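> For reference, the sequence and a predicted model appear below.
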Amino acid sequence: MDRSPGAPPIVLHHYPQSPVAEKVRVVLGMKGLEWRSVNIPRLPPKPDLMPLTGGYRRTPVLQLGADVYCDSQCIIRELERRYPRPTLFSGIPAGFVWGLGRWTDGPLFSLVVSLVLGAQAEDLPQAFALDRARLYFGPDFDLKSLRSRLPHILSQLRSQLSWVEQQLEAGGDFVLGSQPGLADALCYYLVWFIRGRYAAGPGLLECFPALIAWEDRVRRLGHGASVEMTSQEALDLARRSKPRGERTRDAGDPQGLRVGARVGVTPDDVGGGPAVVGEIWSVTPQEIAILRQDPQLRDVVVHFPRVGYRVNKLGRGEATQAGADFR
């Protein structure tokens, strides 16, 4: 399924090895969407991404004209809103599945990353190892220290993968029934990462036959239909476009955030990083979008989920550091 007439193309900024990008690519496949693929560097600097995001450097980023969506939560929620059929929540309450995501994207993701990076710590290029150690575990963390913990990490991971195995044994072809949905993407990208980036991954997964059969079913869903786009073409698209979202206000916001207020948005985790700064375009319990005036692109609206991100109010003259060092 392609976009509706007049809608901007779906542009995904990603790189092939990114596990979180694989989660989004699977969602694009489930929905049968056509999209444009912009490959970005694995490490900073990312000079053609920063004008779009205001300094946010995580992967992936979704671009719809001059609207830019950061974090897979925000990306997937917007894809479901714009392209509701086929749904990612067939007969399943969406709130339950988003709650499941706090496990898969939190403790389970941390275990998988610890396993993959810890097992390769001696062989990774130094620049990559230092970047990912700071990204996932905070400043001054030594990835090599994970090696001694690998048996414990594996024991924790096997137990939790067995939960998915038990669910698949008791249910249908997919995690929550007979139809694929977000729950499958939330689990699949971690299995994909284990198989592809951990040398002993295939042997580990052999312990879970139902999971292996399910993994093959999800893989065969594909990634939709993608066409390569250059980063300059993506910047040109943003330059020609205008933000399209509504300027929504949340009257009950606990922080008293208001449309037009100046704020900085940062991930609320150990990696930290400088803020993306702008004026609130819209705010809801699930999302905050901020308007930025970029010298290259004019107006760009950058969207973040509320869960997992910290919003700080700023005075009109107050600035915070932003740039390629952002996570």
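Sure, I can see it. Residues are numbered from 1 along each chain as shown.
> In three-state terms, label residue 152 for me.
helix (DSSP: H, G, I helix; E, B strand; the rest coil).
> Number the residues from 489 up from this point.
Got it, the first residue is 489 from now on, which makes the last one we talked about residue 640.
> what's the burial count for it?
11 (other CB atoms under 10 Å). Backbone N, C-alpha and C define where each C-beta goes, glycine included.
> and it, what is it in contact with?
By CB atoms under 8 Å, 6 or more residues apart in numbering, no residues touch residue 640.
> in the stretch 689-815 of the chain, which ranges drop under the pLDDT threshold?
For the stretch 689-815 of the chain, residues meeting the criterion pLDDT under 70 lie at 760-761, 804-815.
> So which residues of it form helices?
Ranges of helices within the stretch 689-815 of the chain are 689-693, 697-707, 719-728, based on DSSP state H, counting those that start in this stretch.
> right, so of the ones you listed, which gets closest to residue 789?
Closest of these to residue 789 is helix 719-728, at 10.3 Å (criterion: CB to CB).
> re earlier: which one of the helices of the stretch 689-815 of the chain lies nearest to residue 766?
helix 719-728 (14.6 Å).
> what comes up buried for that closest one?
Buried positions in helix 719-728, judged by neighbour count with 16 or more other CB atoms under 10 Å: 719, 722-723, 725-726.
> right, so of the helices of the stretch 689-815 of the chain, which gets closest to residue 588?
helix 697-707 (15.4 Å).
> what does stretch 718-727 rub up against?
With CB under 8 Å, 6+ apart, stretch 718-727 has contacts from 496-497, 499, 501, 524, 526, 528, 536-537, 539-540, 551, 553-554, 556, 784-786, 788.
> Write the PyMOL selection for whichever of those are buried.
A single PyMOL command is used to select the members of the contacts of stretch 718-727 judged buried by 16+ other CB under 10 Å:
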select buried, resi 496+497+499+501+524+526+528+536+537+539+540+551+553+554+556+785+788
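> Strands of the stretch 539-688 of the chain, start to end?
Ranges of strands in the stretch 539-688 of the chain, per DSSP state E, counting those that start in this stretch, are 549-552, 555-558.
> and the closest residue to residue 655 other than its chain neighbours, how many neighbours?
Closest residue to residue 655 apart from its sequence neighbours, by CB to CB, 6 or more residues apart in numbering: residue 663 at 6.0 Å. Residues near residue 663, counting by other CB under 10 Å, number 24.
> Pretty sure residue 663 sits against residue 672.
Yes: assessed by CB atoms under 8 Å, residue 663 is found in contact with residue 672 at 5.1 Å.
> overlap in contacts of the two?
With CB under 8 Å, 6+ apart as the test, residue 663 and residue 672 both reach residue 702.
> about what we covered before: okay, the strands of the stretch 539-688 of the chain in a markdown table with distance to residue 691 next?
Formatted as a markdown table, the strands of the stretch 539-688 of the chain follow (distance: least, CB to CB, whole Å):
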| stretch | distance to residue 691 |
| --- | --- |
| strand 549-552 | 34 |
| strand 555-558 | 36 |
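> can you redo the ones you listed as CSV with distance to residue 512 and mean pLDDT?
Listed next are those as CSV, based on distance: least, CB to CB, whole Å; pLDDT from 0 to 100:
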stretch, distance to residue 512, mean pLDDT
strand 549-552, 7, 98
strand 555-558, 10, 98
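> how about the spatially most central residue of the chain, what does it touch?
By CA atoms, centre = their mean, the chain has its centre lying nearest to residue 560, at 2.7 Å. With contact set as CB under 8 Å, 6+ apart, residue 560 has these partners: 508, 511-512, 548, 593.
> again, only using 6 Å
For residue 560, the contacting residues are 508, 511-512, by CB atoms under 6 Å, 6 or more residues apart in numbering.
> what's the distance between the residue nearest to residue 605 when sequence neighbours are not counted and residue 516?
Among residues not flanking residue 605 along the chain, residue 631 sits closest, at 5.4 Å (CB to CB, 6+ apart). Distance, residue 631 to residue 516, using CB to CB, to the nearest Å: 31 Å.
> neighbour count winner among the two?
residue 516 (26 against 20).
> any idea which element the more buried one lies in?
helix 507-518 (DSSP states H and E).
> elements contacting that helix?
If you count contacts as 3 or more CB pairs under 6 Å, 6 or more residues apart in numbering; DSSP states H and E, helix 507-518 packs onto helix 560-570, helix 670-685.
> who's in contact with it?
502, 523, 547-548, 560, 563-564, 668, 673, 676-677, 680-681, 709-712.
> Stretch 623-634 too?
601-602, 605-606, 609, 617, 621, 758-759, 815.
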